[in-house]
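Asks: I would like the atomic coordinates for the input below:
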Amino acid sequence: MPDRATAGLAAARRELTADCSRCVGLCCVVPGFVASADFAVDKPAGTPCRHLRADARCGIHDDLRGRGFPGCVVFDCFGAGQQLTQVTLAGHDPRADPATATLFPVLRQVGELRWHLAEALARLPAGPLRDEVAAAEARARQLGGAAPAEIAAVDTAGLRRDVGDLLGRVSEAVRAGVPGRARDRRNADLVGAALRGARLRGAGLRGACLIGADLRDADLRQADLLGADLRGADLRGADLGGALFLTQPQLEAARGDAATRLPDWLRRPAHWVGAPGRRRRSPLDRQPR
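Replies: Okay, here's the model as predicted:
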């Protein structure tokens with residue numbers, strides 16, 4: 001992606017980047033989870049996590065993985081927290097408002113769709129398809145800033161289906177010119193698959209289950225990774241340059257190293273082998289809690 005498009009993408013995503021300083025710890029209150037490999041304890045939905053401090057910050061943020069909460073590191077609200085706190089329910093404490101349980105998940109889904117639509121706009125040249133994407137992004141942006149009643153009435157399943165179909169057409173258009181394009185493996189069951197060094201350039205891996213897959217040194221350039229499950233996938237030495245619709249949560253759930261090549265708009269997770277802590281800050285970096 002050209003530098004100008006990358007800069008434009010960063011600007012479009014600023015409001016979709018979680019800013020915990022403008023939230024009240026909603027991700028530590030609204031979702032529920034059960035004790036598992038991702039969470040060390042049970043927590044019912046709507047109740048504060050035991051580690052949430054009075055100042056709405058996480059008391060173990062610097063050692064979430066070490067304390068058994070890798071699921072918290074992977075979670076991203078796509079700006080829903082600050083939107084709900086500062087705009088939708090401005091003047092109210094969203095932690096005490098019953099509507100929060102409904103509004104937060106909707107705003108998060110709308111934010112995630114906008115995140116992908118912003119990338120689609122940055123990748124497409126002028127034309128009818130780009131116009132469709134721009135209209136869908138404008139509608140999603142309108143929903144994100146709507147009144148509580150309108151947000152609560154959003155058909156999220158229908159919205160995700162419609163935007164998903166549109167992004168599928170974007171993916172086909174972008175990957176059409178990829179040289180030596182690999183075959184598509186959409187929704188494939190690739191759990192634990194031995195794909196070391198695999199040539200997957202331009203492949204459609206949308207929705208593929210790649211849990212624990214060995215993707216060391218794999219060529220994933222321009223591959224469509226929308227919704228691909230990369231939990232525990234080994235990406236050491238893999239090339240994900242220009243990968244489509246890849247998100248930070250997907251990377252946080254995977255394993256990699258300093259040799260893993262990433263799109264310019266994503267950061268190397270601090271827990272990856274040989275990662276030099278956090279990269280230089282960019283407009284897309286999340287703010288620490």
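Asks: check contacts around L200.
Replies: Applying CB atoms under 8 Å, 6 or more residues apart in numbering, we find L200 in contact with A182, A218, D219, L220, A223. Just so you know, the C-beta spots here come from the backbone N, C-alpha and C atoms, and that holds for glycine as well.
Asks: pull out the buried members of those residues.
Replies: By neighbour count, with 16 or more other CB atoms under 10 Å, these hold A182, A218, D219, L220, A223 as buried.
Asks: farthest pair in those?
Replies: Of all pairs drawn from the buried ones among the contacts of L200, the greatest distance, 10.2 Å, lies between A182 and A218 (CB to CB).
Asks: and for these two, which residues touch both?
Replies: Here A182 and A218 have R199, L200 as joint contacts, going by CB under 8 Å, 6+ apart.
Asks: measure stretch 214-228 end to end?
Replies: Across stretch 214-228, the terminal residues are separated by 14 Å (CA to CA, to the nearest Å).
Asks: next: stretch 229-247.
Replies: 11 Å.
Asks: before we move on, what about stretch 209-226?
Replies: Stretch 209-226 end-to-end distance (CA to CA) = 11 Å.
Asks: now that stretch: mean pLDDT?
Replies: For stretch 209-226, the per-residue pLDDT values average out at 98.
Asks: chain center to it: distance?
Replies: 16 Å (CA atoms, centre = their mean, to the nearest Å).
Asks: what sits against the residue lying closest to D38 once chain neighbours are set aside?
Replies: When the adjacent residues along the chain are set aside, D38 lies closest to G71, with 3.1 Å between them (CB to CB, 6 or more residues apart in numbering). Applying CB under 8 Å, 6+ apart, we find G71 in contact with F33, S36, D38, F39.
Asks: how far away is F245 from R161?
Replies: F245 sits 16 Å away from R161, going by CB to CB, to the nearest Å.
Asks: quick one: which of those two has more around it?
Replies: Neighbours per residue, other CB atoms under 10 Å: of F245 and R161, the larger number sits with F245, 21 against 11.
Asks: thought A193 was touching A208?
Replies: No - the pair A193 / A208 is not scored as a contact, 9.3 Å apart, by CB atoms under 8 Å.
Asks: remind me, longest helix of this protein?
Replies: helix 100-123 (DSSP state H).
Asks: report the buried residues of whatever helix or strand comes next after that helix.
Replies: Under the assignment DSSP states H and E, the closest C-terminal helix or strand after helix 100-123 is helix 128-144. The neighbour-count check on helix 128-144 (16+ other CB under 10 Å) flags L129, R130, V133, A136, E137, R139, A140, R141, L143, G144 as buried.
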